[in-house]
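# what follows is a predicted structure for the sequence shown.
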Amino acid sequence: MYAFEFERPDTVEAAVAALKTEDAQALGGGQTLIPSLKQRLASPSRLVSLTAIPDLVGVCVADDGAVCIGGATPHVRVAADAAGSYPALAALAANIGDPAVRNRGTIGGSLANNDPSACYPAAALASGATIVTNARRIAADAYFQGLFTTALDEGEIITEVRFPVPEAAHYQKFEQPASRFALTGVFVAKYGDGVRVAVTGASEDGVFRWTEAEDALSADFSAEALAELSVPADGMINDLHGSGAYRAHLVKVLTGRAVAAC
Amino acid sequence: MAQVNMTVNGKPVSGEIEGRTLLSDFLREGLGLTGTHVGCDTSQCGACVVHVDGAAIKSCTMFAAEAAGADVTTIEGMANADGSLGVVQQAFQDHHGLQCGFCTPGMVMSAAALLKDTPRPTEAEIRDYLEGNLCRCTGYHNIVKAIMAASGQDVSAVAAE
């Protein structure tokens, strides 16, 4: 990989200041960024590690009941510490990558990168989560803006992610066994005011809400409610692991399974 | 270049590193601890797994600078104080848990991390935990047996070959 300066601040303020350099890049757990650097797909002038900032790590429950997760919290901590407060989210975290990846990879890193096949974007979008940064709060519906694209500005750091806890939820991941990413994954979350369904791994535009399924499930929360629905293959990822039609089919099957498992 | 200090296998160490120096490179080239293997260098294979503050991580996918001040354990730190093989290592030998041996350091470190949190894992838990450790000889069956044995459990219960 190309050479870069390395900074490891211990406060958010110092990290924000360090990121003001041109071509500076924040480093979470590095489980995607370091392989990208090795392939010279990224060439920052400076890397600012966020893993030594104690304020960014931890899981708690806010007064309004939302589960709040620090931006640099590794998956393994979410899997353990959110198990009681938001089991479906904890289960998702417990099945990302492999154990060594879960010990390093962070929720903020995953959401900032917004890989089209990552798991966390599905949970954040289906839960109507709020992405809290050093500067502002961003609703999940406005945050995800396509392949590897988010509402984050240059140098903006995810400090916390707040998840309203649903009455019932489940994540179904159809795993691509080599990469351990989702070939397709569906997160279903049932709230008092309706059901939200978010799909990762399928669309060329990244994570999206399947609104037809949300309407059907809000009226009748059962897998049978999906029977008449179909997902168009247009715009679905088409690669050697699966055709667009295959992924479109998976979306419906996995949504049904997630509802049945709720 | 910058100075980095950490504890490796119980001993304080320091060395000169670049920002881009990987922990695996620092261990192997900086400290001469070549037991940590680099198989794929793309964080798929797990041959480079070491423990950082007790957690199993892929040392090819962490910068040495991020381990500053940390307590690192490598395969060289797994033997007993008298130089004899540790429990997990001995179980790998007893149950032929290695063929070419390239993946073995990472397998042993992952196994030790599993047993720390789950002292008596089921066969399914072992196979699940080893998801990020690839054996190019496909010798998984005896690796699972070795870990069952290292946890003090009966290996005959492991699924038939």
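Okay, I see it. Residues are numbered from 1 along each chain as shown, chains lettered A, B, ... in the order given.

# please give the element, helix or strand, for the residue nearest the centre of chain B.
The centroid of chain B falls nearest to residue B:109 when counting by CA atoms, centre = their mean (2.4 Å). Here residue B:109 sits within helix B:104-117, counting by DSSP states H and E.

# what parts of chain A come near chain B?
Taking CB under 8 Å from any CB of the partner chain as the measure of proximity, chain A contacts chain B at A:1-6, A:8, A:27, A:30-31, A:34-35, A:37-38, A:47, A:49, A:51-52, A:76, A:97-101, A:103-104, A:178, A:180. C-beta here means a position set from N, CA and C on the backbone, and glycine is covered the same way.

# same for the helix holding residue B:109, what does it pack against?
Using 3 or more CB pairs under 8 Å, 6 or more residues apart in numbering or on different chains; DSSP states H and E as the contact test, the elements touching helix B:104-117 are helix A:99-104, strand B:49-52, strand B:55-58, helix B:87-94, helix B:123-129, helix B:140-150.

# quick one: average pLDDT of that helix?
Averaging pLDDT along helix B:104-117 gives 98.

# okay, buried residues for it please.
B:104-115 (16 or more other CB atoms under 10 Å in any protein chain shown).

# between helix B:140-150 and it, find me the angle.
Here helix B:104-117 runs at 40 degrees with respect to helix B:140-150, directions being taken by axes from the mean of the first three to the mean of the last three CA atoms, to 10 degrees.

# just the element for residue A:77, please.
Element membership for residue A:77, per DSSP H and E: helix A:75-81.

# picking up where we left off before, just name the most buried of the helices and strands packed on helix B:104-117.
The highest average neighbour count among the helices and strands packed on helix B:104-117, using mean count of other CB atoms under 10 Å in any protein chain shown, belongs to strand B:55-58 at a mean of 28.

# each with direction, which strands does that strand pair with?
Using DSSP bridges, the strands paired with strand B:55-58 are strand B:49-52 (antiparallel).

# what residues does the partner strand touch?
The contact list for strand B:49-52, computed with CB atoms under 8 Å, 6 or more residues apart in numbering or on different chains, reads A:100, B:23, B:27, B:36, B:56-59, B:62, B:67, B:70-75, B:105-106, B:109-110, B:112-113, B:132-133.

# okay, it in CSV with CA atoms only?
Provided in CSV are the C-alpha atoms of strand B:49-52 (Å, rounded to 0.1, in the frame of the first residue of the first chain):
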residue,chain,number,x,y,z
VAL,B,49,-4.5,-14.7,13.9
VAL,B,50,-2.9,-13.5,17.1
HIS,B,51,-4.5,-12.2,20.3
VAL,B,52,-4.6,-8.5,21.0
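
# quick check, pLDDT for the closest residue to chain B within the stretch 101-250 of chain A.
Nearest residue of the stretch 101-250 of chain A to chain B (CB to the nearest CB) works out as residue A:103 at 4.2 Å. pLDDT, the model's per-residue confidence, is 98 for residue A:103.

# quick one: contacts for it?
A:74-76, B:55-57.

# what do you get if the cut-off is 7 Å, keeping everything else the same?
Contact analysis of residue A:103 by CB atoms under 7 Å, 6 or more residues apart in numbering or on different chains lists A:74, A:76, B:55-57.

# list the buried residues of stretch B:73-83.
Neighbour-count burial for stretch B:73-83 [16+ other CB under 10 Å]: B:73-78.

# and the helix or strand hosting residue A:90, how far out from the chain's middle?
Using DSSP H and E, residue A:90 maps to helix A:87-93. Centroid separation for helix A:87-93 versus its chain: 12 Å, with CA atoms, centre = their mean, to the nearest Å.

# which stretches of the stretch 51-200 of chain A form helices?
Here the stretch 51-200 of chain A has its helices, by DSSP state H, counting those that start in this stretch, at A:75-81, A:87-93, A:99-104, A:107-113, A:120-126, A:140-143.

# roughly how far is the third one from the heart of the chain?
By that I understand helix A:99-104. With CA atoms, centre = their mean, you get 16 Å for helix A:99-104.

# kindly report the same for stretch A:117-126.
Mean-position distance between stretch A:117-126 and its chain equals 4 Å (CA atoms, centre = their mean).

# for stretch B:83-90, same thing?
On CA atoms, centre = their mean, the centre of stretch B:83-90 falls 13 Å from that of its chain.

# low pLDDT regions in chain B?
Residue ranges of chain B with pLDDT under 70: B:159-161.

# mind giving me the domain split of it?
B:2-77, B:87-152 (automatic domain parsing).

# right, and these - which one's nearest residue A:43?
Comparing the domains of chain B against residue A:43 with CB to CB, the closest turns out to be domain B:2-77 (10.9 Å).

# measure the closest one end to end?
End-to-end distance of domain B:2-77 (CA to CA, to the nearest Å): 26 Å.

# run the chain-centre distance for that domain.
Centroid separation for domain B:2-77 versus its chain: 11 Å, with CA atoms, centre = their mean.

# got a list of what residue A:245 touches?
The neighbours of residue A:245, taking CB under 7 Å, 6+ apart as the test, are residue A:233.

# let's see that with 8 Å instead.
By CB under 8 Å, 6+ apart, the contact list for residue A:245 reads A:233, A:236.

# measure residue A:45 to residue B:154 for me?
Using CB to CB, to the nearest Å, residue A:45 is found at 57 Å from residue B:154.

# who has more neighbours, the two?
The neighbour comparison of residue A:45 against residue B:154 (other CB atoms under 10 Å in any protein chain shown) goes to residue A:45, with 13 against 8.

# with adjacent residues omitted, what lies nearest to the more buried one?
residue A:23 (4.1 Å; CB to CB, 6 or more residues apart in numbering or on different chains).

# check what pLDDT the one you found gets.
At residue A:23, the model reports a pLDDT of 95.

# that older thread, let's have the domains of chain B in CSV, adding distance to residue A:145.
Shown next, in CSV, are the domains of chain B (distance: least, CB to CB, whole Å):
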stretch, distance to residue A:145
domain B:2-77, 27
domain B:87-152, 31
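
# these two touch, right, residue A:167 and residue A:193?
No: in this structure, residue A:167 is not within contact of residue A:193 by CB atoms under 8 Å, at 10.4 Å.
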